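A.B. asks: Please work out how this folds:
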Amino acid sequence: MLSDLLVASRQRLGRILAAWHDALGHKRPPVPGVSRALVPGAGSGYECAALAEAGWDVLGLDLAPTAVARAKALWEERQGRNDLGEDTGDGRLTYKVGNFYDLEGRFDLIFDYTFLCALPPDERPRWAQKMRQLLMPQKGQLVTLIFPVFDYSKNVQALNLTDGPPFEVTPALYCHLLLGEEEGGRKGGRKGVFTCLELTGPLSDSISPRKGREWLGRWSLRESDEEECKS
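C.D. replies: Got it, this is the predicted structure:
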């Protein structure tokens, strides 16, 4: 079971990591001890494990001590039983109980695997600001697995902002938070500090209960804003 979940996570992350290397202009794998990744709201840590096995030094952060304990146990099991017949643990994997907004440091890759949808809707602007502070300027990338995407066949007034988590989201919401666009797709009055590198969906590899409700976004800091972000 653990092996199956890791394989699924690695397959999904494969295209994301390849795109990150393309952005750097080369195909080198990440360098253990140098390339840092963050997974906020890490849960059971399958994505953290997949990133670590791809060579990243990973910090898996979760507010729940029980989630962190489970993630640590699964990683220890994985380290002690190599189900895939490969070398594991090329990168360093650390789990931490903590609040996302209290975190400090910079990361080359931040993987928001349905983390935003777990936050109360009134915290969304704060989420965007914190992502800006944590992402490494220049080549850093924020990757967002966007779920649960609102079913557009329903009246827009049915967008559920009260029952959750997870709270319904839209790709346009991420553009609003990160790019400064209005949710209708027009430029808003607020200047966004991110650039959109990719916005794709619905994803074809979603599991059955999520079919049609998952999108993928990749974002980086705008060059004109990088110096400001360093402060």
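
A.B. asks: In this structure residue 113 contacts residue 146, no?
C.D. replies: No: using C-beta atoms under 8 Å, residue 113 makes no contact with residue 146, being 10.2 Å away. Where C-beta positions appear, they are placed from N, C-alpha and C, glycine not excepted.

A.B. asks: more neighbours, these two?
C.D. replies: residue 146 (24 against 20; other C-beta atoms under 10 Å).

A.B. asks: How about that one, nearest residue that isn't a chain neighbour?
C.D. replies: Closest residue to residue 146 apart from its sequence neighbours, by C-beta to C-beta, 6 or more residues apart in numbering: residue 215 at 4.0 Å.

A.B. asks: neighbours around that neighbour, how many?
C.D. replies: By other C-beta under 10 Å, 21 other residues sit near residue 215.

A.B. asks: swap in residue 37?
C.D. replies: Look at residue 37: counted by other C-beta under 10 Å, it has 27 neighbours.

A.B. asks: Can you say which helix or strand has it in it?
C.D. replies: strand 36-40 (DSSP states H and E).

A.B. asks: all helices of this protein, in order?
C.D. replies: Along the chain, counting by DSSP state H, helices occupy 2-24, 46-53, 65-80, 124-134, 171-179, 223-229.

A.B. asks: which ones are touching residue 71?
C.D. replies: Going by C-beta atoms under 8 Å, 6 or more residues apart in numbering, residue 71 touches 42-45, 48, 60, 62, 95.

A.B. asks: Pass me the low-pLDDT residue ranges in this protein, would you?
C.D. replies: 1-33, 81-90, 152-160, 182-191, 224-231 (pLDDT under 70).

A.B. asks: just to revisit the earlier point, so what strands line up beside the strand holding residue 37?
C.D. replies: Its sheet considered, strand 36-40 pairs with strand 57-62 (parallel), strand 109-113 (parallel) by DSSP bridges.

A.B. asks: For residue 122, find the nearest of those.
C.D. replies: Nearest to residue 122 among the strands paired with strand 36-40 is strand 109-113 (17.9 Å), distances taken as C-beta to C-beta.

A.B. asks: which residues are in contact with that closest one?
C.D. replies: Against strand 109-113 from outside (C-beta under 8 Å, 6+ apart): 13, 16, 20, 35-41, 43, 47, 51, 56, 131, 134-135, 140-145.

A.B. asks: again, 7 Å this time
C.D. replies: The contact list for strand 109-113, computed with C-beta atoms under 7 Å, 6 or more residues apart in numbering, reads 20, 37-40, 47, 51, 56, 131, 134-135, 141-145.

A.B. asks: Tell me the one among those residues nearest to residue 175.
C.D. replies: For the contacts of strand 109-113, the minimum distance to residue 175 (C-beta to C-beta) is 10.9 Å, reached by residue 144.

A.B. asks: Burial check on that closest one, number of neighbours?
C.D. replies: 24.

A.B. asks: What's the separation between the residue nearest to residue 120 when sequence neighbours are not counted and residue 109?
C.D. replies: Leaving out its chain neighbours, the residue that sits closest to residue 120 by C-beta to C-beta, 6+ apart is residue 167, at 7.5 Å. From residue 167 over to residue 109 the distance is 25 Å, taken as C-beta to C-beta, to the nearest Å.
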